[in-house]
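Build me a model:
(one chain, ligands or ions: 2)
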Amino acid sequence: MTTRRPRPTAADRARAAAEDVRARPCPRCAADTLTARTADRVAALDVRADPTPLTPVAEILARLEGRLTWCLTEHEHVGRRLRWRDPWHIAAGPCPHTVVADHRCRPRPDQGVLL
Ligand SMILES: [Zn+2]
Ligand SMILES: [Zn+2]
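Ligands and ions are numbered 1, 2, ... in the order given. The predicted model follows:
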């Protein structure tokens, strides 16, 4: 999908900055996670993903759990982005990207309620 954009505005730059992938701890379980906004889907979505790269089998298991999976792409000029792995991208076979899945907070046996 290509959008004609004559000149980047301040809003465009702010949007691009929000799409930068950042390593941040999860506010609920403190696990290391990657956060970024992705513009791939119909509405922009704020994603929090586990940084662990998935094997193809692990990706299938993650999707069976109802988690979305993402390509972590790296561009020389733009930086890192999370891109939604739609069924066609997956069906096309292995891609050169690192594959990660939505973060799920780990249950903590020592604590009954997550904050
Ligand atoms: Zn990919
Ligand atoms: Zn968490």
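
give me the low-pLDDT residue ranges for this structure?
1-5, 40-42, 109-115 (pLDDT under 70).

What parts of it come near ligand 2?
The chain comes close to ligand 2 at residues 26, 28-29, 105, as judged by C-beta under 5 Å from the ion. C-beta here means a position set from N, CA and C on the backbone, and glycine is covered the same way.

do that again at 8 Å, thanks
Within the chain, the residues that sit near ligand 2 (C-beta under 8 Å from the ion) are 26-31, 33, 48, 103-106, 114.

so how far is ligand 1 from the residue nearest in space to the middle of the chain?
Nearest to the geometric centre of the chain sits residue 82, at 4.2 Å (C-alpha atoms, centre = their mean). For residue 82, the distance to ligand 1 (C-beta to the ion, to the nearest Å) stands at 11 Å.

ranges for the helices of the chain?
All helices of the chain, identified by DSSP state H, fall at 10-18, 56-64, 87-91.

For ligand 1, tell me whether the last one is touching it.
Yes - looking at helix 87-91 against ligand 1 by C-beta under 8 Å from the ion, the contacts come from residue 89.

quick one: contacts of that helix?
The contact list for helix 87-91 (C-beta atoms under 8 Å, 6 or more residues apart in numbering) reads 59, 69, 71, 95.

Report the buried residues of it.
residue 90 (16 or more other C-beta atoms under 10 Å).

now swap in the second one and tell me
Of the residues in helix 56-64, those with enough neighbours to count as buried (16+ other C-beta under 10 Å) are 59, 62-63.

does any part of it sit near ligand 1?
No - residues of helix 56-64 are not located near ligand 1 by C-beta under 8 Å from the ion, the shortest gap being 11.0 Å.

CA atoms only for that helix, dumped as PDB, please.
Listed next in PDB are the C-alpha coordinates belonging to helix 56-64 (Å, rounded to 0.1, in the frame of the first residue of the first chain):
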ATOM      1  CA  PRO A  56       7.900 -21.800  12.800                       C
ATOM      2  CA  VAL A  57       6.500 -24.400  15.200                       C
ATOM      3  CA  ALA A  58       6.500 -21.900  18.100                       C
ATOM      4  CA  GLU A  59       4.700 -19.400  15.900                       C
ATOM      5  CA  ILE A  60       1.900 -22.000  15.100                       C
ATOM      6  CA  LEU A  61       1.600 -22.600  18.900                       C
ATOM      7  CA  ALA A  62       1.400 -18.900  19.600                       C
ATOM      8  CA  ARG A  63      -1.300 -18.400  17.000                       C
ATOM      9  CA  LEU A  64      -3.300 -21.400  18.400                       C
END
